[in-house]
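1. based on what follows, work out the 3D shape:
(one chain, ligands or ions: 1)
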Amino acid sequence: MTNQKQEINWEQVQEWDEKYLIRVSNTQDEYQPVPIESTEGDYLIMPDGTKLLDFFNQLYCVNVGQKHPKVNAAMKEALDRYGFVWDAYVSDYKARAAKLIMEDILGEEEWAGKIRFVSTGSEAVETALNIARLYTGRPLIFSHEHGYHGWTNGAGAATRLRGYRSGLVGKDADTPPLQIPGSYNSSVVMAPSPKAFRDENGNYLKDENGELLSVKYTRRMIENYGPESVAAVITEVSQGAGSAMHPFEYVPQIRKMTKELGVLWINDEVLTGFGRTGKWFGYQHYGVQPDIITLGKGISSSSLPAAGVVVSKEIAEFMDKHRWETVSTYAGHPVAMAAVCANLEVMMEEKLVEKARQAGEYMRRKFEALQAKHKSIGSFDGYGVLWIVELVDPKTNKPYVPLDRNFSHGTDLSQIPTQVIFNKAIEKGVLIGGVMPNTMRIGATLNVSKEDIDKAMDALDYALTYLESGEWQQQDQGQEVGQA
Ligand code: 6DF
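-> Below is the predicted model:
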């Protein structure tokens, strides 16, 4: 192959893409191809040279930025030595990746015992649920409304976002969402979201002891099923796909409750882990320690698929004494592990967790200024490079789409506020918006520049002005009314 960049026939590429690939969140008719020729830092580059500033950070998963030179070099070096050996074999990369996470990152926390690598976040959650059930000998898992933990059967049962039940969009707006038969299973119980217990002003309701009613109700449900049947409660300290920040006291109160009831706490850090929130892991904001955490996304900054599960010392000791029939072909893939090592070393050498915390403080000030100008920003919250912006109709101060997170994409995309924002901001070369109808999910690399933050916020300012004009709204929009 010459060094000259190979000419790619993008028309031919798009023809094959449209002809042969199964779509996921759109019907074939609705599908809008977005060709990306290459990536750089916080940017995606289209075949015509258009540069898109990615303020989703893909799926909140490119923590050190696209194509980081040290990560790419490490993968190339590993390719000089490996092909592939499966998990039964020892590689220096896998051992070093474990050491970096267990000693360099978690070494000062007495809870962490051992790690198991897999390839995706869903696999990490499957592994965590299996280990919790094996360790406790109990079947039930408690999850939460609007939680997202993956798509595979066990993880998918703990996920409760209707939009992920592949709702139909556009011309089939009145068609109920496709439910994957068997995707709800009886071994997972859904506890209420904190948002289910708020007063008319959005304040979170508490009992006379200061316990959030959502925690009190979760406790009541566990007592109803019997703690002796409950293996674990699984949470996200901040719901990424569900696009929801919790009241600060939620996590500490859930942890207190699980200890009192004698059930394990699994905190799903696939999305919030590895600096996303301005700390190495999201639970570290709340002064608590979990029994199990799940890892993915930022573990390699998505340079190659990698994920994992960290269990407590007590659970690790139990697993050491038992055989466990499980295999994942690519678990601990040596080249993926090389990417993990380089990715984590970059985060430490470049102090990216602290940079993410500082970026978060800057973004908070930018959101405050935007909210002073735009009444459609009902609220915003977040930390590091993980932010949630709740949109409201300035005329009513209520969400534009009343059904909100129990929404199933059952309406015209052009009437979904976060899609309206997306379509306007992209005119300024910025990708920003959300997967929930009324709530924007905003992310960036841990080392995002102030200039890029300013560019994204200017594009958001432009898009919010259009949103508030109401020019996009169809007058006969008869939305069914439902609870958020
Ligand atoms: N746990 C959490 N997030 C996750 C995910 C998984 C597990 C999805 C892809 C997402 C995130 C943001 C917006 C929209 O995909 P996977 O199997 O590697 O990981 C499952 C807390 O957020 C995936 C979607």
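
2. which residues of the stretch 51-200 of the chain lie near the ligand?
-> With Cβ under 6 Å from any ligand atom as the criterion, the stretch 51-200 of the chain comes near the ligand at residues 59, 60, 120, 121, 122, 125, 148, 149, 150. C-beta coordinates here come from the backbone N, C-alpha and C atoms, glycine included.

3. if you set the cut-off to 8 Å instead, what comes out?
-> Neighbours of the ligand within the stretch 51-200 of the chain, by Cβ under 8 Å from any ligand atom: 56, 59-61, 120-125, 147-152, 155, 164.

4. pull out the buried members of those.
-> Neighbour counting over these (16 or more other Cβ atoms under 10 Å) leaves 56, 59-61, 120-125, 147-151, 155, 164 as the buried ones.

5. just checking, which of those residues belong to strands?
-> The strands in this structure, assigned by DSSP state E, contain none of those.

6. who's in contact with the residue of the stretch 51-200 of the chain found nearest the ligand?
-> With distances taken as Cβ to the nearest ligand atom, the stretch 51-200 of the chain approaches the ligand most closely at residue 121, which sits 2.2 Å away. Contact analysis of residue 121 by Cβ atoms under 8 Å, 6 or more residues apart in numbering lists 149, 150, 155, 268, 270, 271, 294, 295, 296, 297, 307.

7. dig out what the fourth one forms beta bridges with.
-> Partner residues in beta bridges with residue 268, using DSSP bridges, are residue 294.

8. residues in contact with it?
-> For residue 268, the contacting residues are 121, 125, 128, 147, 149, 234, 235, 236, 293, 294, taking Cβ under 8 Å, 6+ apart as the criterion.

9. what about 10 Å?
-> Contact analysis of residue 268 by Cβ atoms under 10 Å, 6 or more residues apart in numbering lists 121, 124-125, 128, 143, 147-150, 155, 158, 234-237, 239-240, 282, 290, 292-296.

10. ok, residue 155 touching residue 120?
-> Yes - counting by Cβ atoms under 10 Å, residue 155 touches residue 120, with 9.4 Å between them.

11. need the overlap of contacts for the two.
-> Listed as contacting both residue 155 and residue 120 by Cβ under 10 Å, 6+ apart are 126, 270.

12. quick one: distance of the lowest-mean-pLDDT helix or strand in the chain to the chain centre.
-> Of all regular secondary-structure elements in the chain, judged by mean pLDDT, DSSP states H and E, the least confident is helix 153-158 with a mean of 93. Taking Cα atoms, centre = their mean, to the nearest Å, one finds the center of helix 153-158 at 15 Å from the center of the full chain.

13. picking up where we left off before, of all the contacts of residue 121, which comes closest to residue 245?
-> Of all these, the one with the least separation from residue 245 (Cβ to Cβ) is residue 271, at 12.8 Å.

14. okay, now the closest one: neighbour count?
-> Residue neighbour count, defined by other Cβ atoms under 10 Å, stands at 28 for residue 271.

15. quick one: pLDDT of the closest residue in space to residue 223 that isn't next to it in sequence?
-> Spatial nearest neighbour of residue 223, excluding adjacent residues (Cβ to Cβ, 6 or more residues apart in numbering): residue 261 at 7.5 Å. Taken from the predicted model, the pLDDT recorded for residue 261 is 98.

16. residue contacts, residue 261?
-> Contacts for residue 261 (Cβ under 10 Å, 6+ apart) come out as 218, 219, 222, 223, 226, 227, 228, 230, 233.

17. next, format the contacts of residue 121 as TSV and append distance to residue 455.
-> Listed next are those as TSV, based on distance: Cβ to Cβ, whole Å:
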residue	distance to residue 455
149	33
150	33
155	36
268	31
270	28
271	24
294	33
295	31
296	28
297	24
307	32
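
18. of all those residues, which comes closest to residue 382?
-> The closest of these to residue 382 turns out to be residue 271 (Cβ to Cβ; 12.5 Å).

19. taking the stretch 351-484 of the chain, what residue is nearest to the ligand?
-> Sorted by distance to the ligand under Cβ to the nearest ligand atom, the residues of the stretch 351-484 of the chain start with residue 435, at 5.0 Å.

20. that residue contacts residue 442, correct?
-> No - counting by Cβ under 10 Å, residue 435 does not reach residue 442; the two are 12.0 Å apart.

21. wait, a helix at residue 234?
-> No - with DSSP: H, G, I helix; E, B strand; the rest coil as the criterion, residue 234 is assigned strand and is not in a helix.

22. how about it, nearest residue that isn't a chain neighbour?
-> Excluding its sequence neighbours, the residue lying closest to residue 234 (Cβ to Cβ, 6+ apart) is residue 266, at 4.3 Å.

23. that neighbour and residue 326, how far apart?
-> Taking Cβ to Cβ, to the nearest Å as the measure, residue 266 and residue 326 are separated by 17 Å.
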